[in-house]
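Novice: mind looking at a prediction? Sequence and model below.
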Amino acid sequence: MKTGSVATVLILVVCLAVLLAACGGGAGEEEPISAAGKIAFQSDRDGNLEFYIMNADGSGERRLTDNSAKDASLTWSPDGTRIAFASERDDNPEIYVMNADGSDETNLTKNPAGDWTPAWSPDGSRIAFVSDRDGAREIYVMNADGSDQANLTNSPADDFGPAWSPDGTRIVFVSGRDGNAEIYVMNADGSGQANLTNNPADYDLVPAWSPDGSRISFMPTREGNWEIFVMNTDGSGQTNLTNSRAYDSIPAWSPDGSRIAFDSERDGNLEIYVMNADGSGLTRLTDNPADEGVPAWSPDGSRIAFQSNRDGNFEIYVMNADGSGQTRLTNNPAEDGGPAWSPQP
């Protein structure tokens, strides 16, 4: 596999997640946002992809961004006061930050190259991101105000998908430097880069730390289709949790690390499942002939937001963590998706 195609595959995976997540609509624009919990999401109801926010019950919906360009890759700061995202409003992708109410939008990267996929450090002081300003896609880091931008990976191949360890000392990412997509880890200053997966299969993608930092989940194709694996942080103990002939993807750790929610097409269409962190206790949460996916846990682990097109177009729904109480939060003929809970205030 050519290294140049690695990032393309990841982009396809991310795009699939966004498409599945699309949903929109809700209560009146004048209602206040509750401090008890907020869900941000993406919608094309105004003709292009923009960000919206609403209370966790669907009330108080309002638009956060208002620009003719596409906005993507929304991520909350750890304290819930700010949102980082990527935008093409300057004719190329840049990393922006704004307050949680949509005010004070600021371009942090200000570079003629492409900058994508921001990821906040656990203490909120830094943001990792991907940039091709040095030719290949590389992992960069900067302070939360955009200062001190530095290339961490410095590889001729594509590096992407950064995710901080819970203690902020390490960053896991995907690299094509070995001819196929592998999961790497490095210290937060870019030192100590190490290949964790070391597998000749085509792709190992979407690494995510467990909340306690002891394990990393990822999505490989080594079994002939997408599966959900976990491994120790040194790459040992790589274990297939799903073992299904169907597509299993988009793993999401519960806040306490005891469970993993994910998408699966094992029943002929995309549904949301949950399992214990060791792969036991597999449970189907949704059961609908439509496609449902991109699960997002509430900060207390009691609920899961997700996207579904069971009403003809993608909308945002919420359910209890056991699959009960499935409720539509948005109601709009456009495609809206990618629900993201704010951290608890």
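Specialist: Here it is on my side, so go on.

Novice: W226 versus D71, what's the distance?
Specialist: Look at D71 and W226: by Cβ to Cβ, to the nearest Å, they are 27 Å apart. Any C-beta I mention is one placed from the backbone N, CA and C, and that applies to glycine too.

Novice: oh, that last question was meant for D90, not what I typed.
Specialist: 34 Å.

Novice: ok, these two, which is more surrounded?
Specialist: When D90 and W226 are compared for neighbours, W226 comes out ahead with 23 against 14, by other Cβ atoms under 10 Å.

Novice: hmm, E271 and D287 touching each other?
Specialist: Yes - with contact defined as Cβ atoms under 8 Å, D287 counts as touching E271 (6.8 Å).

Novice: and N331, what element?
Specialist: For N331, there is no enclosing helix or strand under DSSP states H and E.

Novice: can you count the residues close to it?
Specialist: N331: 17 surrounding residues under other Cβ under 10 Å.

Novice: I'd guessed it sits against N313; true?
Specialist: No - counting by Cβ under 8 Å, N331 stays clear of N313, with 10.0 Å between them.

Novice: returning to what we had before: between D287 and E271, which has more neighbouring residues?
Specialist: E271 (23 against 11).

Novice: tell me the contacts of that one?
Specialist: 263-265, 284-288, 292-293 (Cβ atoms under 8 Å, 6 or more residues apart in numbering).

Novice: gap between the closest residue to it other than its chain neighbours and G37?
Specialist: Leaving out its chain neighbours, the residue that sits closest to E271 by Cβ to Cβ, 6 or more residues apart in numbering is T286, at 4.8 Å. T286 sits 21 Å away from G37, going by Cβ to Cβ.

Novice: which one of the two has more residues nearby?
Specialist: Higher neighbour count among T286 and G37: T286, with 24 against 20, using other Cβ under 10 Å.

Novice: confirm for me that the more buried one is in contact with G323.
Specialist: Yes - contact criterion Cβ under 8 Å: T286 and G323 qualify, at 6.7 Å.

Novice: okay, and the common contacts of these two?
Specialist: Residues touching both T286 and G323 (Cβ under 8 Å, 6+ apart) are I272.
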